[in-house]
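Enquirer: Predicted model follows, preceded by the sequence.
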Amino acid sequence: LKSLKYNPKNITNHMHLLSFYVLKKQYKEAASEFKILSGLDKDRDFYHEIYKWRAYNDKDLKDMVTLFEEAVKINPDSYLAHRVLGIAIRDSSSDIKKNLPVAMKSLNKALELNPKYIPTYIAIANTYMYMAMTTKKKAYYNDSLRWIGKAYKLNPKDLILAYAAGYIYLHMGQYDKAIEKFEYTYYGGYKDENVLQILSQAYNQKAYISHYKTGINLEKGLQTINKAIMLDENNGIILSTKAELLYKMGRYDEAYEYIKRGIKLEPNEPEIKQDLENIEKALKKAKK
């Protein structure tokens, strides 16, 4: 507070003060800081930054609903505040279906205030994706992709939008489409540490489910898993997938080398333990 007397436009100090108010649960004061910060930098989404910080650290997000309700009261014309309130309402309960109408009311208000803001479309698309995942009703995935399609009309080259689309396709089991979107995001230069991980995960899932599980075109599965290893060479799950593919191809010596590396990285993973046992049995049988 003393510092801000000398420099009332210092964003870093306002962020420290905002974080303090959030931790002290002084939500009206925090809401005032949100409004000040938004006035200092109109291109930065301070609302979502704080939400991600608390969502990462808190299991119970009900307080976040209270925080962003205050934020909306103090800054009712902020589409950023309405968007994050909708996300907080959506995530505050495991019963997403119950929260859907209220969450969508806030998200639609955000869209009304700024119909060109792509992250709002993504938030709505993710809401329907979570509905599909929790209710097991695949029709919600179509709603999710419909909202992604609306956003693509605004900017078909948006990297964050491609990432969001890839995530939906991944959960739908459409691995080729997911990989296409994630590759576009990753090689397009989207600076997020999760992009590399999700791309390698998509390669792994395709190799495992589309090739190892089905036994179809194992050589192509091997090519796919090699792409994952190039991105994340110290991932025990990915290494074990390559071991499984080699095992199914009858290349037991190579499989054994990869499963040993995999179990060293993931010593408590039951499936990797079983893979090691199967490969060791196959090796003994081959030697006999």
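Expert: Great, that's in hand.

Enquirer: Just the buried positions in stretch 90-98, please.
Expert: Buried residues in stretch 90-98, counting neighbours by 16 or more other Cβ atoms under 10 Å, are found at 90-92, 96. Yep, even glycine has a C-beta here, placed from its N, CA and C like the rest.

Enquirer: oh sorry, the question was meant for stretch 104-111
Expert: 104, 106-107, 109-111.

Enquirer: now do stretch 72-83
Expert: Neighbour-count burial for stretch 72-83 [16+ other Cβ under 10 Å]: 72, 74-75, 78-83.

Enquirer: ditto for stretch 41-58
Expert: Buried, per 16+ other Cβ under 10 Å, within stretch 41-58: 45-48, 50-51, 54.

Enquirer: where do the helices sit along the stretch 1-150 of the chain?
Expert: With DSSP state H, counting those that start in this stretch as the criterion, the stretch 1-150 of the chain has helices at 2-6, 11-23, 27-40, 46-57, 62-74, 79-91, 96-113, 118-135, 139-154.

Enquirer: tilt between the last one and helix 96-113?
Expert: Meaning helix 139-154. 10 degrees (axes from the mean of the first three to the mean of the last three Cα atoms, to 10 degrees).

Enquirer: Out of the buried residues of stretch 41-58, which two sit at the greatest distance?
Expert: Maximum pairwise distance in these, criterion Cβ to Cβ, is 14.4 Å, between Asp45 and Arg54.

Enquirer: Could you tell me how far the residue lying closest to Tyr247 once chain neighbours are set aside is located from Glu269?
Expert: Residue nearest to Tyr247 in three dimensions, not counting chain neighbours: Ala255, with 4.2 Å by Cβ to Cβ, 6 or more residues apart in numbering. According to Cβ to Cβ, to the nearest Å, Ala255 and Glu269 sit 16 Å apart.

Enquirer: any chance of the helices of the stretch 1-150 of the chain in CSV, plus distance to Asn226 and mean pLDDT?
Expert: Formatted as CSV, the helices of the stretch 1-150 of the chain follow (distance: least, Cβ to Cβ, whole Å; pLDDT from 0 to 100):
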stretch, distance to Asn226, mean pLDDT
helix 2-6, 53, 94
helix 11-23, 43, 97
helix 27-40, 46, 96
helix 46-57, 32, 94
helix 62-74, 42, 95
helix 79-91, 37, 97
helix 96-113, 38, 95
helix 118-135, 29, 96
helix 139-154, 30, 97
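
Enquirer: Tell me which of the ones you listed lies nearest to Asn194.
Expert: Where the helices of the stretch 1-150 of the chain are weighed against each other on Cβ to Cβ, the nearest is helix 46-57, at 11.7 Å.

Enquirer: How far away from the center of its chain is the closest one?
Expert: Averaging C-alpha positions (Cα atoms, centre = their mean, to the nearest Å) puts helix 46-57 14 Å from its chain's average.

Enquirer: For the closest residue to Leu159 other than its chain neighbours, give its distance to Pro76.
Expert: Sequence neighbours aside, Tyr190 is the residue nearest to Leu159 in space, at 4.1 Å (criterion: Cβ to Cβ, 6+ apart). Distance of Tyr190 to Pro76, computed by Cβ to Cβ: 32 Å.

Enquirer: got it, and Asp158?
Expert: 28 Å.

Enquirer: list the contacts for Gly236?
Expert: By Cβ atoms under 8 Å, 6 or more residues apart in numbering, the contact set of Gly236 is 261-266, 269, 272.

Enquirer: Tell me the most packed of those, by neighbour count.
Expert: Neighbours here mean other Cβ atoms under 10 Å. Within those, the largest count is held by Gly262, at 25 neighbours.

Enquirer: Let's verify that one: helix, strand, or coil?
Expert: Put simply, Gly262 is helix when judged by DSSP: H, G, I helix; E, B strand; the rest coil.

Enquirer: That one against Glu244, yeah?
Expert: No - Gly262 is not in contact with Glu244 according to Cβ atoms under 8 Å; the separation is 9.5 Å.

Enquirer: Mutual contacts of the two, please.
Expert: With Cβ under 8 Å, 6+ apart, Gly262 and Glu244 have common neighbours Asp275.
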